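Q: no FASTA, just this:
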């Protein structure tokens, strides 16, 4: 059995005109931008895609449009995370209908769960899905961490094909990789772009990195360098990723700085509308100027 | 200006047949049970109502049915909490259309926000609502606490009529009451039933207490005793509330024990179906027996 | 068996000249101030006393001096909290030698523990103490909460005479009081002054309130009003406590604001040196002016 | 200026007979064991050394004995972390007197601090130290994380020579390395052994790994493989480290499992007494058998 995708998957930002309308032209430009940058896959409706802040119907429209634009050039992964299993299944059905390649799901994120409840949730969900599923660990937002043993338990179902970790904890992700060391077909993807290279060096399958919306080629190059064990190249490219991370995601002091920074950058590059869905708001003029200055510097070295 | 409601508001559990169907007959019995127990209001689609775990359409159907059954006998408050402002507004519109008296809203709960983003969210939401709004603080689930100053800022809009606190922090709630001491029309409601009496003694408007699904009269009596400063009665009734809390909400060790305990009790009393929406599952047989034994003891003293 | 103390216990600030020297004259004035204010007991070397930030030898000197000055006029409670059990026992021996009435102990606070380890720690410590012990719950600092069942287990030893809770969680403290409802000789004290009155109304034994360093009479009056169920008086006095809490403890945005506010106030009142032990530093001039202005207003209503 | 040490530093467990007595013979055997295993330095009185749980006088005796035994064969680093700056300075003076090479310090860990207070603490401490200092980040225990900017601010003093991070967060440590990229003489050490190799590959100076008490040679080999960019060897050795981590540190479900596992292993290997200082206790017989079985398997592959 072949893996669906390895390498860099762009967790696509969702171009918006306002809270209830997609920026379709922006979506088209953005998808062309990342595909021409060489990314290996596209993941819509993740955290970076602001999925939770969009109505389910709008999310379904995004699935339809994304598939139309991508048109099978790279695998399309679709986030179905929701607090309501009914809505998750509705999203999964839309993903199947519109030709997506796989699904991605965080645990429901309002109530707190324990590991048994977490496992039972997925054991109830997976049989109702027509596409393969990646588990998505995002404990800062969902308040729960997948125990490595829970991942192994869920991977007994071959339709659970991989794990995307956005915990940022390297010892934890090493434990997961150790626990899954004999599951050759199970994929491990890394969320935080700051740690993708080191994990690929140690055996991970790739990164789902927000910066690959802006500078897709850089992240692809970093992935290849790491996959080929070219340490000198890895260090050089890693420094560029850190320059992006430390300048574009740190304007404002909120955890929304990352999202606002990405969208503001894409708007400044003429790729798509920078509107950020409620409860967030775009940067003010002064913050925008800081992004603009940082971006000009970065484009010289990172494009 | 008169307050919409004071006293005990039942945060109604949502009687379900399965994840996508309401137990309408159970809903009718439950509403009759709590109204005949004397509660001053009913709050649907709160945390106890598992709102987040239900599809939005099902939530709208619950609003319609609840209003039909309550038929204006007590005020109906409707939770509109969602991560998508579009869905929150859709719920609010349904609440208005079906005759609800007020809305209740937690902050969006996937992303982390700061106080400015929190305030701006409500300043964007409230003008789009046709009914008065209670702010709902539930930091364990939403990962954010309303600063007292944020509450005062939002209460400058007279359509923000009150605050329901489920933080459990007494110093915090005292600070909120102190900050709002000159806002005579602003209501303060307490979530945790274990601390409602003490807060009413110090000036709060009432409690939104899950136990008032099972033993509505007890909570109403406790409220009246506290509102009339009858300390001896308060202490006697408080002991009963603590007996409920320490036996019905503690089977299993998860935070879902509270919800499962409530629904299991209501099923054992013949009031409604005990189905718990995904990601949770009802108690197993042994846990059910523990609830049954506890309930039999409690019914003697608490009904 | 009689309880050692009920009512208001001042968690005494430690008057310091610098990190390694006591302000003895200040200590004398402070003790006279709080005793003349009517407090029922004095607790040295608690969180408010900055115990952890002082060398053990200095703590022992403080025990000696405090006992000399108090001279048995009110009960003296001594904090022995330390990460090293050897040092805790050394402090306990000094407390016994210098005539203290009881000991107070938080769990060791560097490593994380579970409830079994917590219980075993106290079961190992208590037999080595010559004085009765109050358990001291301070989860924000120690990273562990005493389960109500752990408290009951430890109270099987009659030398464990009470529990001081600084968690701020009212449902939790109600659960503890419920769990201990048949232990007539076991005392429950409340740390946060904002919630002492409501807990005394529901049966707690008193408060260990930092504000009783500055305005001891106010806290004593509030305790008596609550103990006699005089709700109108409780509400009036509670408003004064909230005025103190919201103005003197909120200059600066750190959790050290409380401590710095207390010491700055006492220095401005001419009672003792305002030096705060490392890692903290006293307020700057502007912050000091804010305390001064607040204090002048409060002294009119609260002294 | 040359760095004091690079490579693997053993955070030495403290061999104890009981809470107040060192196991000197065990200390001698342990030090010989790790030095003969090739470690590049020894760090006493860290978290693994249970420093906080030992009386300060005992800690000073450990400094004296450790220096005597090591006798300058490898650099000796001494932890001076304490909540009292007076005690920290006393420890630092002893370290200087007994010939240590450098000091290591976590922030004081009882009270919560902000970044300004954290910086000011070190700006007050460092001038009073006669030896160079490594900052030690251990947020799970100290409740504070060094901001990268705080590290750079503190490193302006050349006596602050390095940073040891035990946060486990790879994005964070990458940010720190990025922030310090132009400070050639500043060292970065990694606490968690599961992530040392990947960080050395990306530029860190080495690891302070608890497992290097048991299998020092393995960790040294892993360090060298990473420092020489030998990825194939890194992956093979990393698998062994993960086998240790997942079997020796996970008996019992507490965070004390790591410490108890280390000490139990060393006792089973005949190296030193397995006594664990209060508040912890050694494993019971059944847990000990599990360690024994795991250890026998590991010794075949890891020694």
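A: Okay, I see it. Values in this document were obtained by computation on a predicted structure and should not be read as measured data. Residues are numbered from 1 along each chain as shown, chains lettered A, B, ... in the order given.
Q: what's the burial count for the closest residue to residue A:231 other than its chain neighbours?
A: Of all residues not flanking residue A:231 in the chain, residue D:229 sits nearest, at 4.3 Å (Cβ to Cβ, 6 or more residues apart in numbering or on different chains). For every residue, glycine as well, the C-beta is placed using N, CA and C. With neighbours defined by other Cβ atoms under 10 Å in any protein chain shown, the count for residue D:229 comes to 17.
Q: just residue A:159 next, same as before
A: 15.
Q: so it touches residue A:129, yeah?
A: Yes - Residue A:159 lies in contact with residue A:129 (Cβ atoms under 8 Å); the separation is 7.0 Å.
Q: need the helix or strand of chain A with the lowest average pLDDT.
A: None of the helices or strands of chain A scores lower by mean pLDDT, DSSP states H and E than helix A:285-302, at a mean of 95.
Q: Mind listing what's buried along that one?
A: A:287-288, A:290-291, A:294-295, A:298, A:302 (16 or more other Cβ atoms under 10 Å in any protein chain shown).
Q: Then stretch A:152-165?
A: Quick answer for stretch A:152-165 (16+ other Cβ under 10 Å): A:152-155, A:160-165.
Q: quick one on the thing from earlier: tell me the contacts of the residue nearest to residue A:231?
A: A:229, A:231, D:201 (Cβ atoms under 8 Å, 6 or more residues apart in numbering or on different chains).
Q: repeat for residue A:61
A: Contacts of residue A:61 (Cβ under 8 Å, 6+ apart): residue A:22.
Q: could you point out which element follows the host helix or strand of it?
A: Using DSSP states H and E, the element containing residue A:61 is helix A:56-70. Downstream of helix A:56-70, the first helix or strand assigned by DSSP H and E is strand A:76-79.
Q: Please name every helix or strand in contact with that following strand.
A: If you count contacts as 3 or more Cβ pairs under 8 Å, 6 or more residues apart in numbering or on different chains; DSSP states H and E, strand A:76-79 packs onto strand A:41-44, helix A:56-70, helix A:85-97, strand A:102-105.
Q: Direction included, what does it pair against?
A: strand A:41-44 (parallel), strand A:102-105 (parallel) (DSSP bridges).
Q: Out of the ones you listed, which is the most enclosed?
A: Comparing these by mean neighbour count (mean count of other Cβ atoms under 10 Å in any protein chain shown), strand A:41-44 ranks first with a mean of 26.
Q: Average pLDDT for that strand, rounded please.
A: Averaged across strand A:41-44, the pLDDT comes to 98.
Q: residues making contact with it?
A: A:4-5, A:7-12, A:14, A:31, A:34-35, A:49, A:62-63, A:66, A:70, A:74-79, A:101, A:104, A:208.
Q: can you give me how far it is from the chain middle?
A: 7 Å (Cα atoms, centre = their mean, to the nearest Å).
Q: Which residue comes closest to the residue in the stretch 201-303 of chain A that chain C sits nearest to once chain neighbours are left out?
A: Closest to chain C within the stretch 201-303 of chain A is residue A:253: 13.1 Å, counting by Cβ to the nearest Cβ. Closest residue to residue A:253 apart from its sequence neighbours, by Cβ to Cβ, 6+ apart: residue B:114 at 7.7 Å.
Q: Just give the number of residues close to the one you found.
A: 15.
Q: for stretch A:264-284, how far is the first residue from the last?
A: One end of stretch A:264-284 sits 10 Å from the other (Cα to Cα, to the nearest Å).
Q: try stretch A:198-210
A: 17 Å.
Q: ok, now stretch A:145-163?
A: Per Cα to Cα, the first residue of stretch A:145-163 is 12 Å away from its last.
Q: Give me the contact list for that stretch.
A: Contacts for stretch A:145-163 (Cβ under 8 Å, 6+ apart): A:1, A:3-4, A:102, A:107, A:115, A:118-119, A:122-123, A:126, A:129, A:132-137, A:139, A:167, A:172, A:175-176, A:178-180, A:183, A:185-189, A:205.
Q: Distance from it to the middle of the chain?
A: With Cα atoms, centre = their mean, you get 18 Å for stretch A:145-163.
Q: Same check on stretch A:252-269?
A: 16 Å.
Q: Which residues outside that stretch are in contact with it?
A: A:13, A:15, A:26, A:30, A:48, A:50, A:140, A:210-211, A:213-214, A:248-251, A:272-276, A:280, A:282-283, A:287-288, A:291-292, A:295, B:111-114, B:117.
Q: If we use 7 Å, what do you get?
A: A:13, A:30, A:48, A:50, A:210, A:213-214, A:248-251, A:272-274, A:276, A:280, A:282-283, A:287-288, A:291-292, A:295, B:111-112, B:114, B:117 (Cβ atoms under 7 Å, 6 or more residues apart in numbering or on different chains).
Q: Can you select the buried ones among the residues you listed for me in PyMOL?
A: Listed next is the PyMOL selection for buried residues among the contacts of stretch A:252-269, using 16+ other Cβ under 10 Å:
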select buried, (chain A and resi 13+30+48+50+210+213+214+248+249+251+272+273+274+276+280+283+287+288+291+295) or (chain B and resi 111+117)
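Q: could you measure residue A:299 against residue A:247, distance?
A: 12 Å (Cβ to Cβ, to the nearest Å).
Q: ok, which stretches of the stretch 101-250 of chain A are strands?
A: A:102-105, A:133-137, A:160-165, A:187-190, A:206-208 (DSSP state E, counting those that start in this stretch).
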